[in-house]
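**Student:** Whatever this is, show me its structure:
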Amino acid sequence: MSHLYDAMAKAVRLSHYDDVLQLIEQGYGQREERLRFTLHRIEVVAQHLANPPLQSAVVTTRKMMGLSHIGMNERELLMCAYFIETKLFAHIAKREYYLHRDETHLPRTIEYDPKTATPFIHLRTDGGLQTISESHRRASTYSIFYHHATPSLCCNVEEDGSAAMEAAHLETLKGVPGVIQAYTIMHHKSHLNDHSRTSIIFPLYNQGALTSQTAASLTLLEKVQVAENLLTGLDEIHTRGFVHRHITPGAIMIHKDARGIAAVFTGLGQMRSLVQAASAIPNVELFYNPPEALRGVRKHQSKQAGDIFSLGCALFMMLSNTDSLPWMSGEIFSHSLYNEHYHNSKKQKKFLEKIRALRYGLKKELARTMAPVEKSFKELICTMVHQNPEKRLNTVQLLHKIRQR
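**Tutor:** Numbers count the residues shown, from 1 in each chain. Purely as a prediction, here's the structure:
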């Protein structure tokens, strides 16, 4: 067809992989339609020369083109796929598992997980898991789980350091429903320096975080199912002697398909044991702290009761399709949560008044609510956001109530 196709055939025949990658880039850049490379035309060359790596790269590229959010064109995907099918094995033999695009001159970074024998193509598009990690120096992007038969999208959270705390908690809660599960955890050195970095690969949640927009798309029964999923996960966390400490709508991910709806907790990097949590803030997100947090560390009640309060706030926001709480203002939280002099102050009283108002509003709605499912759900939230931690039900009691619907 052209000298480019002749050169491609020669390079493939001689297994000159670098030349093939270069020719792919040139061929897709041709202006004349009859000379331009396409997957079909390259596949014809691969079949004619009986070259399995190039054939496999073409077939997998065609499947990857059907994925959303990839932010890559056909040429870029094919280049990455052909590299994986040919040159990746030499890097694996040298234990080089993290191949940055600046080093390979590919369109994207490729990372290989030796535990699962799986390559990942790290994309640049936002992966949507913004509160999954405790570190602020991390990126959340989509990645392609490279598989010949069924390539798929997943989420890659990359952060500085070993992420030892989060990795340990993910291992502790492996297989627990209502808690996010990691496909794999990989460690590598930064291509810029010798600093260690960690990639944690998570499944994709198609509805994203529990925002007001997501909540508005859910039916009441789906919202109740979300609550049950989360209480199941929190019950396991508490049973194993931990406090989550990072429960917010942004740390709750939702997935919805033909099989139903599922919700999971993320943000496990801030989870602590009961002993460690004894002298720590109940929730690292300021506005989701329970009222007892304003009375100073020594006067804190059960930190697990703090988790219940935080989850009650998130469920209230989901039920109300809102992204805010009545006390979300710097005016109330302008003082340190640990300031002993804050106890009984005007600001604390104002906070407590707003909690009472929230619960009073729910109770007024309860008097007008006739549907039993909605009524019991609102009653559940009322008990969870009680200003007195001793009057909040624990996860076992809450699960018993929600399953009675």
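
**Student:** Could you list the domains of the chain?
**Tutor:** Recorded structural domains for the chain (assignment: automatic domain parsing) are 3-202, 208-402.

**Student:** now these as JSON lines including mean pLDDT and mean neighbour count?
**Tutor:** For glycine as for every other residue, the C-beta is placed from the backbone atoms N, C-alpha and C. Formatted as JSON lines, the domains of the chain follow (pLDDT from 0 to 100; neighbours: other C-beta atoms under 10 Å):
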{"stretch": "domain 3-202", "mean pLDDT": "85", "mean neighbour count": "17"}
{"stretch": "domain 208-402", "mean pLDDT": "83", "mean neighbour count": "18"}
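
**Student:** What ranges does the stretch 251-400 of the chain have for its strands?
**Tutor:** 252-257, 260-265, 272-273 (DSSP state E, counting those that start in this stretch).

**Student:** Reformat those as JSON lines; add distance to residue 103.
**Tutor:** JSON lines is the format used below for the strands of the stretch 251-400 of the chain (distance: least, C-beta to C-beta, whole Å):
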{"stretch": "strand 252-257", "distance to residue 103": "33"}
{"stretch": "strand 260-265", "distance to residue 103": "35"}
{"stretch": "strand 272-273", "distance to residue 103": "38"}
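
**Student:** between these, which gets nearest to residue 89?
**Tutor:** Counting by C-beta to C-beta, residue 89 lies closest to strand 252-257 out of those; the figure is 34.5 Å.

**Student:** what comes into contact with that closest one?
**Tutor:** Strand 252-257 is contacted from outside by 129, 180, 203-210, 214, 218, 222, 226, 230, 261-266, 314, using C-beta atoms under 8 Å, 6 or more residues apart in numbering.

**Student:** That strand versus strand 260-265: what angle between them?
**Tutor:** Here strand 252-257 runs at an angle of 160 degrees relative to strand 260-265 (axes from the mean of the first three to the mean of the last three C-alpha atoms, to 10 degrees).

**Student:** Please enumerate the helices of the stretch 251-400 of the chain.
**Tutor:** Listed in chain order, the helices of the stretch 251-400 of the chain (DSSP state H, counting those that start in this stretch) span residues 274-277, 303-320, 346-368, 372-384, 395-402.

**Student:** okay if I get those as JSON lines plus distance to residue 167?
**Tutor:** Written out in JSON lines, the entries for the helices of the stretch 251-400 of the chain read as follows (distance: least, C-beta to C-beta, whole Å):
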{"stretch": "helix 274-277", "distance to residue 167": "17"}
{"stretch": "helix 303-320", "distance to residue 167": "21"}
{"stretch": "helix 346-368", "distance to residue 167": "36"}
{"stretch": "helix 372-384", "distance to residue 167": "30"}
{"stretch": "helix 395-402", "distance to residue 167": "25"}
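
**Student:** Out of the ones you listed, flag the one nearest residue 289.
**Tutor:** Using C-beta to C-beta as the measure, helix 303-320 is the one of these that comes nearest residue 289, at 7.0 Å.

**Student:** which residues does the closest residue to residue 312 other than its chain neighbours contact?
**Tutor:** With sequence-adjacent residues excluded and distances taken as C-beta to C-beta, 6 or more residues apart in numbering, residue 312 is closest to residue 384, at 2.8 Å. Remark: with contacts taken as C-beta under 8 Å, 6+ apart, residue 384 is in contact with 308, 309, 311, 312, 315, 392, 393, 398.

**Student:** how does it look with 6 Å?
**Tutor:** Counting by C-beta atoms under 6 Å, 6 or more residues apart in numbering, residue 384 touches 308, 312, 392.

**Student:** got it, and residue 323?
**Tutor:** Contacts of residue 323 were listed using C-beta under 6 Å, 6+ apart, and they are residue 212.

**Student:** what does residue 119 give?
**Tutor:** Taking C-beta under 6 Å, 6+ apart as the contact definition, residue 119 lies against 84, 112, 146.

**Student:** Show residues contacting the one helix or strand the first one maps to.
**Tutor:** Counting by DSSP states H and E, the secondary-structure element that holds residue 84 is helix 74-86. When contacts are taken as C-beta under 6 Å, 6+ apart, the neighbours of helix 74-86 outside the stretch itself are 17, 21, 24, 28, 53, 56-57, 60-61, 64, 106-108, 119, 121, 146.

**Student:** So which of those residues are in helices?
**Tutor:** Counted as lying in helices by DSSP state H, out of those, are 17, 21, 24, 28, 53, 56, 57, 60, 61, 64.

**Student:** Distance check, the residue nearest to the fifth one when sequence neighbours are not counted against residue 78.
**Tutor:** Which is residue 53. For residue 53, ignoring the flanking residues on the chain, the nearest one in space by C-beta to C-beta, 6+ apart is residue 85 at 4.0 Å. Counting by C-beta to C-beta, to the nearest Å, the separation of residue 85 from residue 78 is 10 Å.

**Student:** Then residue 211?
**Tutor:** From residue 211 over to residue 78 the distance is 36 Å, taken as C-beta to C-beta.

**Student:** Residue 16 now?
**Tutor:** The gap separating residue 16 from residue 78 is 17 Å, by C-beta to C-beta.

**Student:** May I ask which helix or strand encompasses residue 224?
**Tutor:** Under the assignment given by DSSP H and E, the secondary-structure element containing residue 224 is helix 220-239.
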